[in-house]
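> let me see the structure of the following:
(chains A and B)
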Protein chains: 2
Amino acid sequence: MIANMTEDQLLVLVIKYVREAKRKPLQELLDELHPYDIANIYRSLPTKHHHKFLAFLEPDQVADLIEELETEFQVEILQQLGVQESSKVMDLMENDDLADLLNELSVERIQEFLDVMKKEDSIKIRSLMSYPADTAGGLMTNEFIWIHANQTVRQAVDKLKEYASFSENIYYLYVINAEKKLVGVVSYRDLLVADINEIIEDIMFTRTVAVKVTDDQEQVAQIIERYDFIAVPVVDDEDTLLGIITVDDAMDVVIREANEDIEKLSASGKDIDFNTKAVTASARRLPWLILLLFIGLISASIMSYFEATLDQVVALMFFMPMIAGMTGNTGTQSLAVVVRGLSQYTINKKVVASLIFREFRVSLIIGVTCSALITVISYFWVGDTTIGFVVGISLFSTLIIGTLAGTIIPLILHKFGIDPAVASGPLITTLNDIFSLLIYFGIATAFLSHLM
Amino acid sequence: MIANMTEDQLLVLVIKYVREAKRKPLQELLDELHPYDIANIYRSLPTKHHHKFLAFLEPDQVADLIEELETEFQVEILQQLGVQESSKVMDLMENDDLADLLNELSVERIQEFLDVMKKEDSIKIRSLMSYPADTAGGLMTNEFIWIHANQTVRQAVDKLKEYASFSENIYYLYVINAEKKLVGVVSYRDLLVADINEIIEDIMFTRTVAVKVTDDQEQVAQIIERYDFIAVPVVDDEDTLLGIITVDDAMDVVIREANEDIEKLSASGKDIDFNTKAVTASARRLPWLILLLFIGLISASIMSYFEATLDQVVALMFFMPMIAGMTGNTGTQSLAVVVRGLSQYTINKKVVASLIFREFRVSLIIGVTCSALITVISYFWVGDTTIGFVVGISLFSTLIIGTLAGTIIPLILHKFGIDPAVASGPLITTLNDIFSLLIYFGIATAFLSHLM
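Alright, predicted model coming up:
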């Protein structure tokens, strides 16, 4: 029955059960739902029912629910449950999710929760919380299964069975030696195919791919994506196994990084989605726009500098928006290639040199094509060879400069470890506006006697 | 020993083995490597060694290798192997990868290969090839394990063992009824925890999440990401189980879609990365630039229309690049939010209406702030209240129009199923240039008597 119900029907049923205090049918219903769906129901459930709903759940169900929810709901649930009940739930949460949740709370609140947790758990959590959020350490969970190299397949399967009842990360077993160093990996599939009495050492895969605990999250996601892994082990400098990172977390990283790249390119400010409030969205976008407004005023003062030229040949103005726009466009194209590439390639001098050279050749090809076109068009329109020539040669120069600015500026920022968010699309567009004005009016002024 | 070698050392060793025709040590070496690493070695291996290297591999190793390589290498390998040997390898490839590979070949070549393949395989491949590449059907593999609802856990485990030796997709078993309809799912973990004599029907999860074979690949990736699945089943309209899609393919989709969003925003053309040749990159970017060049000429003709106004108040020109630039910037910000949101939200009238209303409020806040700033600045600079007023009111209007254009244009294109690539950043920037020129000079002309 439950199998074919819509989300709304499920919600109505849940409210009915909560109202009538029918704990058992509610439990049975929730057993058939994924945590993602339960979280959707919780979000849609009127707030007045939240307390009762939570009271009807088992701690492990609350743990699953919390892992799916946003911070504001998570904090609300902790408040509803109280410290004692919350700590029970926390014991059942994935350690990486728990560390993330605690990181959102105040120092006093964290201490309060850690105090009532099991000693060993609180030590683990503290160690997880000590890693920066965007590194392998910040992503990893320390719920994984390890086994010694000299144990048998039978022992491994037994350990797996024992572990399966309370964890989901059971696709690989990590093999360690006496010093707790990672020496190999065995997949569930290897165990199925192997003879029950074989020694793990003989069937394990020794060229294990692991990430360092300090590695950037983007590198971790790359490894998981390239090798099609379901999980990757995390080690310290001495190869001691510290935790694992699962593919679902890697997928979240990929999505987050792609969104960040787009935010950079559009200077649209951090974390604006369809649900962001207008005031918040404005506050995040305005600093960029005000900065760009002041840079835009530089254009104004450049033009006032060339006032004499403009006053004499107003026709020059007609092509200015086109030249500035084209320079901005070509810069944005290069910028997009670079920003996206930086997240997908390992950068070294050779890569950088060949990229800049490639973009230079691109700018020559584009420059010749577009400036030839515009020279012809402007000649026929204005009927003046000199204006056609000034427009053509200006466009040629600005396209080359625009392309190179869009390539080199983000590379330089990346090189110096400056947040490449500064090399945002509109910023490069605005800079290119200025370059193109200087070139266009500079060339025009030089040819002024011909233009008159 | 192999465990700690660098990629270069491995390559040297492989070349040595190939030269000395040492097949066995080469096999042992490759057994310890991931397909991703073997593919890297193949790419770096001098072309003259390719034939011999391939001859030393087992068909299943070649199959794994082909799955990791780019089309040009894949086609090269098929040519090296010949039709007979290739068909052996194809039999061992994942069906979804094979269908993708065949789709790259000519109709005659496809027929040649299908003719020598096992009849049942060639039927499966043909059916996979019939789905569009960007749908669930195009992504799915039909290598999965199914079981009947009335079988026991023991039978399921036996089937799993049998299957484990030749496939990797063994994390879920899909449960079907007598009509081959999907009725449930059992994870490997459920089997481990269950009693060996239990009936599958009693332990299976019935509220299965499945995707339709015609679903868009983006929706499929969303489902896998939301539910943290390792694989999701694919069904037709009658719920008949057709195949599964694994998380690694979903991850590739997410990366591809993010790249496409960025290409749209920057109009940088399809598939340009650090390795694209300059001529190819230029050819992909030029059509956009030439289109934008012609749109830019519209600006020119608008300005020539206002020539009389310009001729009288040259100072008006100074603020024009700033106004056009700001309008473009705010449009790009909105566009980024919309393009990214379209790939993450389910779109309906309510979502669209509230988004447009939100962006309208954002534009009011941004418009008031920026235009107040610029009115004051331009007043002090030019020393003329009317110019300050014209600039301020123009910026206010263009910021509102720019924001709404960046929001509404991509939504309209999406609504009519037109490729939203057309709503690219530079295109919206250029359109906003035109809007802002019309408004600015329109208002200026209206106030002309005051300006003189």
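> got the buried residues for stretch A:377-390?
Buried residues in stretch A:377-390, counted by 16 or more other Cβ atoms under 10 Å in any protein chain shown: A:377-379, A:381-382, A:386-390. Using the backbone N, CA and C atoms, a C-beta is placed for each residue, glycine as well.
> ok, now stretch A:118-134?
For stretch A:118-134, by 16+ other Cβ under 10 Å, it's A:121-122, A:124-125, A:128-129, A:131.
> out of those residues, which are inside strands?
Of the buried residues of stretch A:118-134, none are assigned to strands by DSSP state E.
> ok, so of those, who is nearest chain B?
A:Leu128 (19.1 Å; Cβ to the nearest Cβ).
> of the buried residues of stretch A:118-134, closest to A:Asn177?
Within these, the smallest distance to A:Asn177 is 22.0 Å, found for A:Lys124 (Cβ to Cβ).
> filter the buried residues of stretch A:377-390 by proximity to chain B?
When the buried residues of stretch A:377-390 are checked against chain B using Cβ under 8 Å from any Cβ of the partner chain, the ones in range are A:377, A:381.
> could I get the buried residues of stretch A:377-390 as a markdown table with pLDDT and secondary structure?
Converted to a markdown table, those look like this (pLDDT from 0 to 100; DSSP: H, G, I helix; E, B strand; the rest coil):
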| residue | pLDDT | secondary structure |
| --- | --- | --- |
| A:Ile377 | 85 | helix |
| A:Ser378 | 82 | helix |
| A:Tyr379 | 83 | helix |
| A:Trp381 | 79 | helix |
| A:Val382 | 75 | helix |
| A:Thr386 | 83 | helix |
| A:Ile387 | 83 | helix |
| A:Gly388 | 85 | helix |
| A:Phe389 | 87 | helix |
| A:Val390 | 88 | helix |
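> what is the mean pLDDT for the strand or helix carrying A:Ala221?
A:Ala221 belongs to helix A:217-227 when elements are defined using DSSP states H and E. Mean per-residue pLDDT for helix A:217-227: 89.
> now for the buried residues of stretch A:377-390, which pair is the farthest apart?
Pairwise over the buried residues of stretch A:377-390, using Cβ to Cβ, the maximum falls at A:Ile377 and A:Thr386, 15.0 Å.
> before we move on, back to that, the helix or strand just after the helix holding A:Ala221 and chain B, are they touching?
Downstream of helix A:217-227, the first helix or strand assigned by DSSP H and E is strand A:231-235. No. Taking Cβ under 8 Å from any Cβ as the criterion, strand A:231-235 and chain B are apart, separated by no less than 10.2 Å.
> what helix or strand does the residue lying closest to A:Met5 once chain neighbours are set aside sit in?
Using Cβ to Cβ, 6 or more residues apart in numbering or on different chains and skipping residues adjacent in sequence, the residue nearest A:Met5 is A:Leu13, 7.4 Å away. Assessed by DSSP H and E, A:Leu13 sits inside helix A:7-19.
> check A:Ile255 too.
Using DSSP H and E, A:Ile255 falls in helix A:247-266.
> run the chain-centre distance for that helix.
2 Å (Cα atoms, centre = their mean, to the nearest Å).
> next, the angle from that helix to helix B:247-266.
10 degrees (axes from the mean of the first three to the mean of the last three Cα atoms, to 10 degrees).
> and helix A:247-266, does that touch chain B?
Yes. Helix A:247-266 is in contact with chain B by Cβ under 8 Å from any Cβ, via A:247-248, A:250-252, A:254-255, A:258-259, A:261-263, A:265-266.
> mind listing the helices for the stretch 351-452 of chain A?
A:385-415, A:425-446, A:448-451 (DSSP state H, counting those that start in this stretch).
> which parts of the longest one are buried?
Burial within helix A:385-415, assessed by neighbour count using 16+ other Cβ under 10 Å, is assigned to A:386-411, A:413-414.
> quick one on the thing from earlier: lowest average pLDDT across the helices of the stretch 351-452 of chain A?
Minimum mean pLDDT among the helices of the stretch 351-452 of chain A: helix A:448-451, a mean of 70.
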